[in-house]
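In: Predicted model, plus sequence, below.
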Amino acid sequence: MAWQRIHLCTGLLERDGRILVVANRYPNLPQLLWGLPGGRQESQETADRTVTREFAEETGLKVSVHGLAYVAESFDASTQTQFTAFCFRVDGDGEPRLPAGDLHVRDVRWVEHAELTTLLTVRVVREPLLAYLADRQPRYFGFAEAGITIAFADAPSASDDAIPPDGAGTTPRRRDDRG
């Protein structure tokens, strides 16, 4: 099987010294995975458009993108998937809300910077964000191993053409399958 590539696009929204995060549910993991709002880039979609779409879907907020914060790349050998995650700085007004009927996004909240070290349990999500917040310098992060495998609720069985998992723990649902 050839390695597959997935582009993930997330947004970093800060207010009053707090960061907006979402908790996602995956069928193969007992605990929720926290991360920045965002998800998989769709065909014919620019990365900044992915961020604005994902923010609206996961938090109900309309955001504007204001530049790249960092890029993080990782590999999941168990699924032969390479992930490239682009994190953008975003601005937006209003308060976030949970999407109605979404089985993937289970919580959304503002957290203090200090809380991120324990809330974000996936290394490839936590380390780039914390490094960026420490000095606000755009950077690249490479991880030879993602350290996590995500199973999607919308993934076909192993005998079908599988949708590769999302190693950064974001958005496993297909957009066209929602009602």
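Out: Sure, I can see it.

In: Report whether E58 is found in a helix, as I expect.
Out: Yes - under DSSP: H, G, I helix; E, B strand; the rest coil, E58 sits within a helix.

In: OK, contacts around it?
Out: For E58, the contact set (Cβ atoms under 8 Å, 6 or more residues apart in numbering) comprises V22, P37, G38, G39, P99, D102, V105, V108, T171. Yep, even glycine has a C-beta here, placed from its N, CA and C like the rest.

In: what about R15, how many residues close to it?
Out: 12 (other Cβ atoms under 10 Å).

In: Got a PyMOL select line for the buried ones in the contacts of E58?
Out: Remark: buried members of the contacts of E58, expressed as a PyMOL selection using 16 or more other Cβ atoms under 10 Å:
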select buried, resi 22+37+38+39+99+105+108+171
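
In: Now tabulate the contacts of E58 in JSON lines and tack on secondary structure and distance to E45.
Out: Output for the contacts of E58, formatted as JSON lines (DSSP: H, G, I helix; E, B strand; the rest coil; distance: Cβ to Cβ, whole Å):
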{"residue": "V22", "secondary structure": "strand", "distance to E45": "20"}
{"residue": "P37", "secondary structure": "coil", "distance to E45": "16"}
{"residue": "G38", "secondary structure": "strand", "distance to E45": "12"}
{"residue": "G39", "secondary structure": "strand", "distance to E45": "11"}
{"residue": "P99", "secondary structure": "coil", "distance to E45": "19"}
{"residue": "D102", "secondary structure": "coil", "distance to E45": "20"}
{"residue": "V105", "secondary structure": "strand", "distance to E45": "19"}
{"residue": "V108", "secondary structure": "strand", "distance to E45": "22"}
{"residue": "T171", "secondary structure": "coil", "distance to E45": "13"}
